[in-house]
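Engineer: Just to be clear, the model below is a prediction. Sequence and coordinates:
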Amino acid sequence: EPEVTQTPSHQVTQMGQEVILRCVPISNHLYFYWYRQILGQKVEFLVSFYNNEISEKSEIFDDQFSVERPDGSNFTLKIRSTKLEDSAMYFCASRPGPLSNQPQHFGDGTRLSIL
Amino acid sequence: DQQVKQNSPSLSVQEGRISILNCDYTNSMFDYFLWYKKYPAEGPTFLISISSIKDKNEDGRFTVFLNKSAKHLSLHIVPSQPGDSAVYFCAACPPLGNEKLTFGTGTRLTIIP
């Protein structure tokens, strides 16, 4: 069964440094998402992306965050200047189309640790 | 933001018995509801969903019930198996598949052999 893959599985970065989290969505999917889960908290929506542009973003997704689909397969989340509170699990998700009955499929996440 | 709530952080059920996980929501705009299952070190895996036009959806051992007037849904697993031990998340989204999922805090289900 096709999967969403994320790399790396664990990223350790110094505060203030830039970090790029990578995702390869399922190949025929058109809608892409990033979520995060801070330890002990719920999974939170960050951003959705369709047709090479952001379609919705949350309050968390401030100017320090950006997303890109640089080629036909990768979908990246960049944090320009990381803060301690950015430490979390980051999940990428994709879905084939806009219909409600097409659920989002998640990758296994990248654990981001900011020192 | 408590739009989707799972009030039981944990649940233990004997193998072979029924597991019932509950979820409440407050946003009337939610139109579609999903259950995801999560093992440690893995991402959420889609289990089953239900549209607001239905009150029940069944898939094998999993059944989701929706009570719109009470803004409540539940996931029934019967019979429960040891491999069902995981964290279960309820999620909701507005009409037309509009983008973001709003998740509950999860319920850790432990199946006792």
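Structural biologist: Sure thing, it's come through.

Engineer: contacts, neighbours, all on C-alpha from now
Structural biologist: OK.

Engineer: Now for residue 64: which residues touch it?
Structural biologist: Went with chain A since none was named. By CA atoms under 8 Å, 6 or more residues apart in numbering or on different chains, the contact set of residue A:64 is A:78-82.

Engineer: The intended chain is chain B.
Structural biologist: Contact analysis of residue B:64 by CA under 8 Å, 6+ apart lists B:48-50, B:56-58, B:73-76.

Engineer: Run through those residues and flag the ones next to chain A.
Structural biologist: residue B:49 (CA under 8 Å from any CA of the partner chain).

Engineer: can you give me the strands in chain B?
Structural biologist: Secondary structure of chain B by DSSP state E: the strands cover B:4-5, B:10-14, B:19-25, B:32-38, B:45-51, B:56-59, B:62-67, B:72-77, B:86-93, B:102-103, B:107-112.

Engineer: What helices and strands are in contact with the second one?
Structural biologist: Strand B:10-14 is packed against strand B:107-112, with contacts defined by 3 or more CA pairs under 8 Å, 6 or more residues apart in numbering or on different chains; DSSP states H and E.

Engineer: which parts of the strand it packs on are buried?
Structural biologist: B:107-111 (16 or more other CA atoms under 10 Å in any protein chain shown).

Engineer: what does stretch A:63-80 give?
Structural biologist: For stretch A:63-80, a neighbour-count test (16+ other CA under 10 Å) marks A:65, A:67, A:69, A:75-79 as buried.

Engineer: now these in CSV, with distance to chain B?
Structural biologist: Formatted as CSV, the buried residues of stretch A:63-80 follow (distance: CA to the nearest CA, whole Å):
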residue, distance to chain B
A:65, 17
A:67, 16
A:69, 17
A:75, 16
A:76, 17
A:77, 16
A:78, 19
A:79, 20
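
Engineer: From these, pick the one nearest residue A:20.
Structural biologist: Within these, proximity to residue A:20 (CA to CA) peaks at residue A:78, which comes in at 4.4 Å.

Engineer: measure the closest one to residue A:15 for me?
Structural biologist: Per CA to CA, to the nearest Å, residue A:78 is found 14 Å from residue A:15.
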